[in-house]
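> the sequence and its predicted three-dimensional model are supplied below.
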Amino acid sequence: MPDKAVAKISGSKSGNSKPQMSHRILTKKHVHAATLQAQGKTAKEICISVGITPKQLETMRLRKIYHDEVERQVTIFRNRVTGSILGQKDKRNALRETLAKRLMYVASKRAKLADEDPELEAQGGKAGLVIRKPVGRGNKVVYEVDDTMVGRFQSLMNDVAKENGEMGAGRDANQGVVVIVNLNKEEQSWL
């Protein structure tokens, strides 16, 4: 009988004390109910999902081993969230910093290509955010801003601002984020 609990009950012969569970094996229903309770489900939801009555759930909740299982399920969930990269602020920040460095590396390599291509340099390629796109079947080329890379930078800055409380709840959405960009003399002349 895999769905039945095995218990050894000990108590006084006089019947004055409640039986104490000295050994208990949890059934699948106990574990399922404990998991649902750890997830914050209501008693009604637990009873319907597990297929037990409210009285049976109440009886389960009186057992220490059931409470231990609920705590174990909460710990498992907590470890899954905080153990992941996204569950810890310092890991998220390190991941963002790595991504930002990689994006800056790509931009710097593109900027070096502008030194070799006068047309790319004339189109603002020194910033590293302009890309060449071939058009049609001929040798025609169009230069345009790499919107994908700019979007990634913007997304990173927004994430950092939200995490630091500089953007989001209680903040003006139009206020935005202040970004300081160092321009060389040539780039300053464009303004």
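Done, it's in. Residues are numbered from 1 along each chain as shown.

> where do the helices sit along this protein?
In chain order, the chain shows helices spanning 28-38, 43-50, 54-61, 64-83, 89-116, 118-122, 147-163, 185-189, with DSSP state H as the criterion.

> among those, which is the most enclosed?
Ranked by average neighbour count under the criterion mean count of other CB atoms under 10 Å, the helices of the chain are headed by helix 28-38 at a mean of 19. C-beta here means a position set from N, CA and C on the backbone, and glycine is covered the same way.

> that older thread, nearest to residue 137, of the helices of the chain?
Counting by CB to CB, residue 137 lies closest to helix 118-122 out of those; the figure is 19.7 Å.

> for the closest one, name the packing helices and strands.
Contact here means 3 or more CB pairs under 8 Å, 6 or more residues apart in numbering; DSSP states H and E; on that basis helix 118-122 packs against helix 89-116, strand 141-145.

> tell me what the last one is packed against?
Contacts of strand 141-145 with other secondary structure elements, assessed using 3+ CB pairs under 8 Å, 6+ apart, are made with helix 118-122, strand 130-134.

> list the contacts of it.
Contact partners of strand 141-145, identified using CB atoms under 8 Å, 6 or more residues apart in numbering, comprise 119, 120, 123, 124, 125, 129, 130, 131, 132, 133, 134, 135.

> how far away is the second one from residue 109?
Using CB to CB, to the nearest Å, one obtains 13 Å as the distance from residue 120 to residue 109.

> next: the last one.
Plainly put, residue 135 is 23 Å away from residue 109 if you go by CB to CB.

> what's the answer for the first one, then?
Separation of residue 119 from residue 109 (CB to CB) stands at 18 Å.

> ok so, going back, any chance of CSV for the helices and strands packed on helix 118-122, columns mean pLDDT and distance to residue 158?
Listed next are the helices and strands packed on helix 118-122 as CSV, based on pLDDT from 0 to 100; distance: least, CB to CB, whole Å:
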stretch, mean pLDDT, distance to residue 158
helix 89-116, 86, 11
strand 141-145, 85, 19
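
> of all the ones you listed, which one is nearest residue 154?
Distances from residue 154 to each of the helices and strands packed on helix 118-122 were compared using CB to CB; the shortest belongs to helix 89-116, at 11.0 Å.

> as CSV, the helices of the chain with distance to residue 139 would be great.
Putting these into CSV (distance: least, CB to CB, whole Å) gives the following:
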stretch, distance to residue 139
helix 28-38, 64
helix 43-50, 66
helix 54-61, 75
helix 64-83, 53
helix 89-116, 17
helix 118-122, 12
helix 147-163, 24
helix 185-189, 27
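
> outline the domain layout of the chain.
Domain assignment of the chain by automatic domain parsing yields the ranges 7-83, 86-185.

> how far does the shortest one sit from the chain's center?
Okay, so that is domain 7-83. Shown here is domain 7-83, whose average C-alpha point lies 30 Å from the average C-alpha point of the whole chain (CA atoms, centre = their mean, to the nearest Å).
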